[in-house]
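Trainee: Structure, please.
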Amino acid sequence: MKTHRLTAYALSTYCRAVSRSNRLMALCLLVGMVGLVDLPRVDAGQLWAGAAKVDITNVEAGPVNDPLYVKALVIKNAKTVVAIVTVDAVAIAEIGSIGNDYLDNVRNQVEKELNIPPTNVMINASHCHGVVCADVEQRTFDAIQQAMQRLEPVTVGTGTGQENRIMENRRLKLTDGREIDVRHAYSLPPDDEVAEVGPIDPEIGVLRLDRADGRALAVVYNFACHPIQGVPSGGNTADMTGFASNVIEENLSEGTIALFVQGCAGDINPIVYKPVDHPRDAEPLGNLLGLSTLRAARKIECKPGDRVTVLNEVISLPRANLAERIVVMQSEQLRLAQSLRGTFLNLKSFLPLAVKYNLSPDFPSYYSHRYLHEEALGRDDLRKLDTLNRANMKQYIQNVYTMEQLTRLNTNLALLRKHQANLVAGGKATIDVELVGIRIEDFVLITFPGELTVRIGLNIKQKSPHPQTFVAGYTNGYIYYAPTAEQLRNVGGAQEDSDCLLAPPWQAIFEEKAAEMLEKL
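Mentor: Here you go, the predicted model:
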């Protein structure tokens, strides 16, 4: 006879679906249908977990390079159950293809059908710029449900890895004190204007769960980098973190699920983000991240345990009123536009001159003997021509630099205007954000719904009482960028401080609350 095995949770869920008076009959019928029901009990001292992944690639959005997934890890002890969900998408609502009601809809269905409290459902977006399918809500629920159905006893361990070869801080501090960022949306300043760059966080936080027989069930890994490198084909892709997860899953036990949890990547780009001499390709970067995570995961010794703690708090953060800054930037916009001057040259005449005057600075207009000949005759016609050409080239280049400044200013000014309009329309000077604190044995995680910049994550880790503390942005919602108070002194200069809803005091409020939650965990 074929034997079917049902978890205790799956059976209890089935019984809840029928009325109280019919539960005994329903149980008998269910036992009769499946032949044998195994009812494991989650005892004190025992941790159970199940993991699953579901393809969410939008195959109608154009060519597909590699699949996008929603992945779910459900962890349960005798008292608490938590669902850790990761989505290969740019954000949980607000931008991209996931709707603003996604989080509430998924949580409501999970609570109704799986009895997991909404506060215990954590959904993190990788921030890859792939396009997900229209029914991503249902597929997210399906992944969580499948993970619930696969609950089994596990051991758990925590560790860290290091990877510093694949990312860089994209904020550049200039010699005049301003900061700009490295984006595709606008050009970089001249090299001699760049004074310094910011930090990165090379740490990979790793949570490993093993089955009773020692085979890996799931690996959760936390790392900070924008997965926006793309692939040469231009196809839909989960980007570097998708490739990293493939490396982990293919090189641990069969059926292992690797869940990437995005960290404080607000100002962290993949390395060589603006190449012009070779195609951008996320796969080599993802392979490096995957191998470094795999190396860390293999060193982790998983042990029995049952500690699962979940905290969920909502705090109010101050919104920025950008009206004054917009006026200042509009004045600068006008000044730059009025500083443009007519030039003798156009692009067609400038380019050959630029080549000649850089190739042979001393004799750009002809061979050296002609210059020597003129000097012998007491003439300086070529030297005068060179002086005029150099002056024209300088003015042309100055116009180019001014136009580049204007493109950066125009792009970031549009972001400020958008957020200021929303502030005025909403009529509220604060914004509510949800924070989640999760502890699985020694693995401790604090989440935030915005694009935290890297210094904030480093601050929280440094002050935490727990050695294995990690920070995730992009979780349970999306409120755009969340830069430091210091970075917000640069409003309008870079995307992080322009595409932002928050006023500078937000940082201290959040870090204080994070520290309070860490003490409770």
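
Trainee: Could you identify the longest helix within this protein?
Mentor: helix 381-426 (DSSP state H).

Trainee: For that helix, name the packing helices and strands.
Mentor: Contact analysis of helix 381-426 by 3 or more C-beta pairs under 8 Å, 6 or more residues apart in numbering; DSSP states H and E lists helix 323-339, helix 347-359, helix 368-377, helix 495-498 as its packing neighbours. Using the backbone N, CA and C atoms, a C-beta is placed for each residue, glycine as well.

Trainee: how about the CA coordinates for the first one, as CSV?
Mentor: What follows is helix 323-339 as a C-alpha-only set of coordinates in CSV (Å, rounded to 0.1, in the frame of the first residue of the first chain):
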residue,chain,number,x,y,z
ALA,A,323,10.5,73.2,-0.7
GLU,A,324,13.5,75.4,0.2
ARG,A,325,16.0,73.0,-1.4
ILE,A,326,14.0,72.9,-4.6
VAL,A,327,14.2,76.7,-4.8
VAL,A,328,18.0,76.6,-4.3
MET,A,329,18.4,74.0,-7.0
GLN,A,330,16.2,75.8,-9.4
SER,A,331,18.4,78.9,-9.0
GLU,A,332,21.5,76.8,-9.6
GLN,A,333,19.8,75.3,-12.7
LEU,A,334,19.3,78.8,-14.1
ARG,A,335,22.9,79.8,-13.3
LEU,A,336,24.3,76.8,-15.1
ALA,A,337,22.1,77.3,-18.1
GLN,A,338,23.1,80.9,-18.4
SER,A,339,26.8,80.1,-18.0
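
Trainee: Give me the contact list for it.
Mentor: With contacts defined as C-beta atoms under 8 Å, 6 or more residues apart in numbering, helix 323-339 is touched by 402, 405-406, 409-410, 412-413, 416-417, 420, 491-492.

Trainee: among the helices and strands packed on helix 381-426, which is nearest L151?
Mentor: Closest approach to L151 among those is made by helix 495-498 (40.5 Å; C-beta to C-beta).

Trainee: biggest separation within the contacts of helix 323-339, which pair?
Mentor: Taking C-beta to C-beta as the measure, the contacts of helix 323-339 span a maximum distance of 25.7 Å, between T402 and Q420.

Trainee: circling back: whichever of the contacts of helix 323-339 end up buried, select them in PyMOL.
Mentor: Selection of the buried residues among these in PyMOL, burial being defined by 16 or more other C-beta atoms under 10 Å:
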select buried, resi 402+405+406+409+412+413+416+420+491+492
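
Trainee: pLDDT of the longest helix of the chain, averaged?
Mentor: Per-residue pLDDT values across helix 381-426 average out to 96.

Trainee: same question, stretch 258-275
Mentor: Averaging pLDDT along stretch 258-275 yields 97.

Trainee: For it, buried residues please.
Mentor: Residues of stretch 258-275 classed as buried: 258-270, 273 (neighbour count, 16+ other C-beta under 10 Å).

Trainee: Closest one of those residues to Y480?
Mentor: Nearest to Y480, judged by C-beta to C-beta, of those is G266 at 9.4 Å.

Trainee: Spell out the secondary structure type for the closest one.
Mentor: Put simply, G266 is coil when judged by DSSP: H, G, I helix; E, B strand; the rest coil.
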